[in-house]
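Student: quick one: sequence plus predicted model below, questions after.
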Amino acid sequence: MQNNNIDIASSVMGLEELGTLKRFEVKIPTFEKLDKELSVHVSNGVNGNQDVFSVRKQLIDKELIKSMKNRVRRFRLDISEWMIPHEGQWHFVLNQHAELVEKEWDAFKSDMVDGFLNPFVKKYQKVKEDQRPELGNAYNENDYPPVDDLLDRPLTQEEKESLQYNYGKMKIFYVGDEPWKQGLFHLYDHVSAIPTVDLDRTVFTDNPSHRDFYSRRDNPNHAQLFARIRQQQVQREEQFKSKVINDTVTALTESIDSAVDSLAKYDATNKKASPFRNTLVANLKKTISIAEDRNNAFVNSEEIANAISIAKDSLEGVTTESLREDNELREDTAKKLSKSKSLLGV
């Protein structure tokens, strides 16, 4: 949904002034292993073609791995409202949310290390033995990675000295200037400033009177090339802002539409036939809060601000239960929310 009534370019701040880029690298191994011999055995058992069978052994209790992955999923949900997707795995974090995101990451990392990973390493041998009865004759101690490969750790002096010869064989990352070996369980957060090139003048000007106008277009010098890159960077930033605001307006509009529709269909005399969720008000308030936050950061649009103000006012002191019990309140709330939506130009 494209909204044409909001002036995206009215924001004069560059992204580098608003926040930073973050990327959280979290890897939880499945502890599954392809067993070719077992694949052949199963294919023979059903008189099938062995080329189409890929039998995998579960080396560690699947529920244990599942519990770790669920904790990762909860962490990503916890920070989702403060993180804006930005080119692949990177996320844009407003400066005002940086501390919140960092606290969530620290809490998550501490919880994972103390609650899951360290206990797992401590009882690694027992965890393997516990799976032996489940695997039966397919159990093989050699299938399991060494305990030293499980967690992120600093390189030993010997590994540092041989690093140039083992380049590419070990997965390495740096904590400050210190090289670390990446474990099968890997927790790391990458931080990057928004890349910029501080050159204002560009040979790709639209002003024909400029003495450099396309003077060296076929063979531009480095300053001209970097200036062009900066120009494209600004364009990408405006496109990013535009997408964020349009996505935000779309989410707010759809949330308001859904709420208005639920209020209109509700029948107090037959509640089971037309129910609405207990979270209706809470979810709408959260969407409104996110929209207000992003509008203030990116464009400070008066239209969006007015729409948000009306929507917030419509929910002041209102609960889901009070909406169920008061027909007049439902009608008044729906009317105000509809007015809010009309100001968004969609």
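Tutor: Thanks, I have it.
Student: domain ranges for this structure, per the record?
Tutor: 27-148, 235-342 (automatic domain parsing).
Student: for residue 183, which of those domains is the nearest?
Tutor: Nearest to residue 183, of all the domains of the chain, is domain 27-148, at 8.3 Å by Cβ to Cβ. (Each C-beta comes from the backbone N, C-alpha and C, glycine too.)
Student: so what would you say the end-to-end distance of the closest one is?
Tutor: Taking Cα to Cα, to the nearest Å, the first and last residues of domain 27-148 lie 16 Å apart.
Student: now it: how far from the chain's centre is it?
Tutor: Mean-position distance between domain 27-148 and its chain equals 19 Å (Cα atoms, centre = their mean, to the nearest Å).
Student: coming back round to it: can you put the domains of the chain in CSV and add mean pLDDT?
Tutor: Listed next are the domains of the chain as CSV, based on pLDDT from 0 to 100:
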stretch, mean pLDDT
domain 27-148, 91
domain 235-342, 88
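Student: identify the bridge partners of residue 153.
Tutor: Beta bridges link residue 153 to residue 181 when assigned by DSSP bridges.
Student: can you report how many residues lie near it?
Tutor: 13 (other Cβ atoms under 10 Å).
Student: separation between it and residue 284?
Tutor: Between residue 153 and residue 284 the computed distance is 47 Å (Cβ to Cβ, to the nearest Å).
Student: just to revisit the earlier point, tell me the most buried of the domains of the chain?
Tutor: domain 235-342 (a mean of 17; mean count of other Cβ atoms under 10 Å).
Student: and the closest residue to residue 259 other than its chain neighbours, what element?
Tutor: Closest residue to residue 259 apart from its sequence neighbours, by Cβ to Cβ, 6 or more residues apart in numbering: residue 284 at 5.2 Å. In the assignment (DSSP states H and E), residue 284 maps to helix 280-298.
Student: hmm, who's touching that helix?
Tutor: Applying Cβ atoms under 8 Å, 6 or more residues apart in numbering, the external contacts of helix 280-298 come out as 8, 11, 18, 81, 84, 94, 96, 241, 244-245, 248-249, 251-252, 255-256, 259, 262, 277, 301, 304-305, 308, 311-312, 315, 318-320, 323.
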